[in-house]
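Undergrad: no sequence for this one, just the structure:
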């Protein structure tokens with residue numbers, strides 16, 4: 001064909017497609033994209049059909065196909081242009097789905113990093129000992145991730161420093177020691193002293209984690225008995241503590257319902 005306004009130089013095509021001239025030379029050398037004509041001086045000239053083929057080449061390359069497979073796809077005599085479009089649409093749809101999944105995974109990782117406990121491994125060990133909060137993070141997210149309490153707790157946890165966590169732990173340990181001492185006196189779980197400790201437990205959660213009303217608190221109490229992992233935490237204080245804490249929390253919630261002065 002003769003050169004005309006409908007043909008383009010290798011430099012122009014490289015600019016259109018966002019590739020290098022070297023890339024176009026390579027495609028020509030391996031027979032993947034040979035220009036339809038050359039100028040009188042022997043320079044490559046590309047027409048609209050060449051540009052269409054280049055577009056398809058770059059599409060398959062973007063999807064990760066090696067050049068030899070791209071050549072097979074483009075030169076398949078059984079495939080018409082419409083079939084190429086259908087194949088490209090299907091592949092592109094699959095890639096979009098994969099990218100969405102990847103984006104969701106990255107968002108979750110970003111959220112976990114932003115909302116998580118921002119301590120170094122050494123600081124975590126100093127605060128939590130052998131207990132790793134991240135071990136149950138996914139389960140917690142699945143069970144309560146859509147609740148306001150979860151979001152509030154995560155925001156607060158993300159802001160705490162090592163000193164904050166050590167202060168929280170000290171309060172927890174002091175509460176557990178006083179609870180153990182009270183049980184040692186034989187005080188009943190539905191007595192005023194035990195209920196006061198249950199109320200202190202509820203307000204502790206509200207101060208450091210999330211707004212914990214009486215209904216939420218009694219739900220936690222039920223979980224302390226039903227979930228072996230939570231039961232083990234309290235039983236490690238002293239045998240029977242999980243049941244005692246449960247009963248004190250339930251009694252305290254009932255006390256809160258009674259009119260003042262009665």
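TA: Looks like it came in fine. Worth saying up front: this structure is predicted, and the values here are computed from it rather than measured. Residues are numbered from 1 along each chain as shown.
Undergrad: Going by neighbour count, list what's buried in stretch 254-261.
TA: For stretch 254-261, burial by neighbour count (16 or more other C-beta atoms under 10 Å) applies to residue 255. In short, each C-beta sits where N, CA and C put it, glycine included.
Undergrad: Identify the residues contacting that stretch?
TA: 195, 214 (C-beta atoms under 8 Å, 6 or more residues apart in numbering).
Undergrad: quick one: average pLDDT of that stretch?
TA: The average pLDDT for stretch 254-261 rounds to 81.
Undergrad: burial of residue 183, as a residue count?
TA: Per other C-beta atoms under 10 Å, the neighbour tally for residue 183 reads 20.
Undergrad: Quick check: chain neighbours aside, which residue is closest to it?
TA: Nearest-residue entry for residue 183: residue 244, 5.9 Å, with adjacent residues in sequence omitted and distances by C-beta to C-beta, 6 or more residues apart in numbering.
Undergrad: same thing with residue 24?
TA: The nearest residue in space to residue 24 (C-beta to C-beta, 6+ apart) is residue 10, at 5.3 Å.
Undergrad: So the one you found sits against residue 26, correct?
TA: No - using C-beta atoms under 8 Å, residue 10 is not in contact with residue 26, being 11.6 Å away.
Undergrad: More neighbours: which of these two?
TA: Ranked by neighbour count (other C-beta under 10 Å), residue 10 and residue 26 place residue 10 first, with 18 against 14.
Undergrad: which residues does that one contact?
TA: 21, 24-25, 35, 43-44, 46.
Undergrad: Which of the residues in stretch 152-160 are classified as buried?
TA: In terms of neighbour count (16+ other C-beta under 10 Å), stretch 152-160 has its buried residues at 153-154, 157, 160.
Undergrad: And those residues, which is closest to residue 219?
TA: Ranked by distance to residue 219 (C-beta to C-beta), the buried residues of stretch 152-160 are led by residue 153 at 14.7 Å.
Undergrad: Touching, that closest one and residue 209? I think so.
TA: Yes - counting by C-beta under 8 Å, residue 153 touches residue 209, with 4.5 Å between them.
Undergrad: any idea what the residue lying farthest from the centre of the chain is structurally, helix, strand or coil?
TA: Distance to the chain centre peaks in the chain at residue 40, reaching 59.8 Å (criterion: C-alpha atoms, centre = their mean). At residue 40 the chain is in coil, as set by DSSP: H, G, I helix; E, B strand; the rest coil.
Undergrad: From residue 200, how far out is it?
TA: Using C-beta to C-beta, to the nearest Å, residue 40 is found at 94 Å from residue 200.
Undergrad: Please apply the same query to residue 97.
TA: If you go by C-beta to C-beta, the gap between residue 97 and residue 200 works out to 51 Å.
Undergrad: which one of these two has more residues nearby?
TA: residue 200 (14 against 10).
Undergrad: Spit out the contact partners of that one.
TA: Residue 200 makes contacts with residue 175, as judged by C-beta under 8 Å, 6+ apart.
Undergrad: What strand or helix carries it?
TA: helix 192-208 (DSSP states H and E).
Undergrad: So, low pLDDT: which residues of the stretch 151-262 of the chain?
TA: Residues of the stretch 151-262 of the chain that meet the criterion pLDDT under 70 lie in 260-262.
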